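Trainee: Sequence first, then the predicted structure, then my questions.
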Amino acid sequence: MKTARYLLFTIAAIGVALAVSLLPNSLADTSIATKQKGWYTAGQANRGHQLFNNYCAQCHMPDLTGAMGPALKGQQFLSAWGTRTLGDLLTFEHQNMPANNPGSVSDKQLSDITAYILMKNGFPAGKTPLAKGAGNTMVLKP
Ligand code: HEC
């Protein structure tokens, strides 16, 4: 009896391990991202999409893959920013972007744009709006 149970348990454990190891990398990345409670509201990301196209897309491309400016999504972006905080990113953007007219986009608009960028990198939406000062110590680890 005992041996049968042990066997069943072992088989189940192997099954779980297999399932986890078979997860595609991208899916695994997103599931880590969703552990954070929520970084922005869905409304912000929506507004941010339009604002990004107006102010940022001519250099970073509408799909964020980069051209005159670096890609703002994917591995490259996450390895550049994954050890820094949301506050660092907002400050960088405010001081340097758009590169042809730094500081011309308001804090509120930059928050919306940043919400959109985070969404495109697999960070989840939540109830608390992304804003300068709020949650700015959160490390951008998805
Ligand atoms: C005129 C072209 C141009 C526009 C418009 C522009 N950027 Fe950039 N962006 C650049 C260049 C060039 C760099 C790289 C220079 C640097 O890192 O200092 C950059 C870098 C960045 C980075 C850092 C990326 C990294 O991997 O380190 C972020 C974030 C960023 N831009 C966000 C924005 C946002 C948000 C907007 C719109 C408000 C914007 N940019 C508009 C050209 C542009």
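Mentor: On my side now, so go ahead. Bear in mind that the values here come from a model prediction, so they are computed numbers and not experimental data. Numbers count the residues shown, from 1 in each chain.
Trainee: Quick one: residues contacting Ser104.
Mentor: By CB atoms under 8 Å, 6 or more residues apart in numbering, Ser104 lies in contact with 55, 98. All C-beta spots, glycine's among them, are computed from the backbone N, C-alpha and C.
Trainee: Now do it against the ligand, distance only.
Mentor: 8 Å (CB to the nearest ligand atom, to the nearest Å).
Trainee: Model confidence for that residue, exactly?
Mentor: Confidence at Ser104, expressed as pLDDT, is 96.
Trainee: Does it belong to a helix, a strand or coil?
Mentor: coil (DSSP: H, G, I helix; E, B strand; the rest coil).
Trainee: Can you pull the phi/psi pair for it?
Mentor: phi -80, psi -20 (degrees, to the nearest 10).
Trainee: Any stretches of the protein with poor pLDDT?
Mentor: For the chain, the stretches with pLDDT under 70 are 1-36.
Trainee: got the contact list for Tyr55?
Mentor: Contacts of Tyr55 by CB under 8 Å, 6+ apart are 98, 104-105, 109, 113.
Trainee: Hmm, Ala131 and Ser111 touching each other?
Mentor: Yes. Between Ser111 and Ala131 there is a contact under CB atoms under 8 Å: 5.3 Å.
Trainee: quick one: which of the two has more around it?
Mentor: Shown here are Ser111 and Ala131; by other CB atoms under 10 Å, Ser111 has more neighbours (23 against 19).
Trainee: element containing the more buried one, please.
Mentor: helix 107-120 (DSSP states H and E).
Trainee: by contact count, what packs against that helix?
Mentor: When contacts are defined as 3 or more CB pairs under 8 Å, 6 or more residues apart in numbering; DSSP states H and E, helix 107-120 sits against helix 42-55, helix 86-96.
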